[in-house]
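Engineer: The following comprises the amino acid sequence and a computationally predicted model.
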Amino acid sequence: MDKNKSKRDFIALNIAVLTVSDTRTEKSDISGKRLTELLVTNGHTLHEKVIVPDDIYQIRAGVSKWISNSTVDVILTTGGTGVTGRDGTPEAVEILFDKVIDGFGEVFRHLSFQQIKTSTIQSRSIAGVANGTYIFCLPGSVNACVTAWDEIIKFQLDYRTRPCNLVELMPRLKEK
């Protein structure tokens, strides 16, 4: 047994995936497909997968729909986290956060630096909590999505991970 795993039972989460792109279709959306494969392979349930254009209002509408749905536990977005004129995922989503999870972006960029060196400064990946729903905004690169999932997200979405994980905090996310 992994030293970071406890004897607690796994809790499957309901996860939605939003691909942000002006050019991707269901056929060409490699990052969105890979994220859905990873979450299902790790025992979670895909709630829905949607592609929206690089438009802050359409991104925000897609995320808002899911954060208002009490059955969605986690939202993963891929795309729109760069620095070009059309990249607006952080601006679209961060305004919805009740809490920002600063450590996610920090750790992601640290891990990414090991792979792509200084190009990681172009990543504006963020995470937070909105209405009791965890949201992770990832780059559009399939390699970046796999790194984020394999090195951070899958452990934080696994109730068995010790010393702590995001799942065990879920009952307390809506406390006032």
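Structural biologist: Sure, I can see it. It should be emphasised that the depicted structure is a prediction, and the values quoted were computed from it without experimental measurement. Residues are numbered from 1 along each chain as shown.
Engineer: list the contacts for residue 14?
Structural biologist: Residues touching residue 14, when contacts are defined by Cβ atoms under 8 Å, 6 or more residues apart in numbering, comprise 44, 45, 47, 71, 72, 73, 74. Any C-beta I mention is one placed from the backbone N, CA and C, and that applies to glycine too.
Engineer: Stretch 144-156: which residues count as buried?
Structural biologist: With burial defined by 16 or more other Cβ atoms under 10 Å, the residues of stretch 144-156 counted as buried are 144, 145, 146, 147, 148, 149, 152, 153, 154, 155, 156.
Engineer: just checking, which of those residues belong to helices?
Structural biologist: When DSSP state H defines the helices, the subset of those inside them is 144, 145, 146, 147, 148, 154, 155, 156.
Engineer: right, and out of those residues, which lies closest to residue 165?
Structural biologist: Using Cβ to Cβ, the shortest approach to residue 165 within those belongs to residue 156, at 5.2 Å.
Engineer: Apart from its neighbours in sequence, what residue is nearest that closest one?
Structural biologist: Using Cβ to Cβ, 6 or more residues apart in numbering and skipping residues adjacent in sequence, the residue nearest residue 156 is residue 166, 4.5 Å away.
Engineer: re the thing from before, now distance to residue 57 and pLDDT too, for the buried residues of stretch 144-156, in TSV please.
Structural biologist: Output for these, formatted as TSV (distance: Cβ to Cβ, whole Å; pLDDT from 0 to 100):
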residue	distance to residue 57	pLDDT
144	25	98
145	24	98
146	29	98
147	29	98
148	25	98
149	27	98
152	29	98
153	26	98
154	31	98
155	33	98
156	29	98
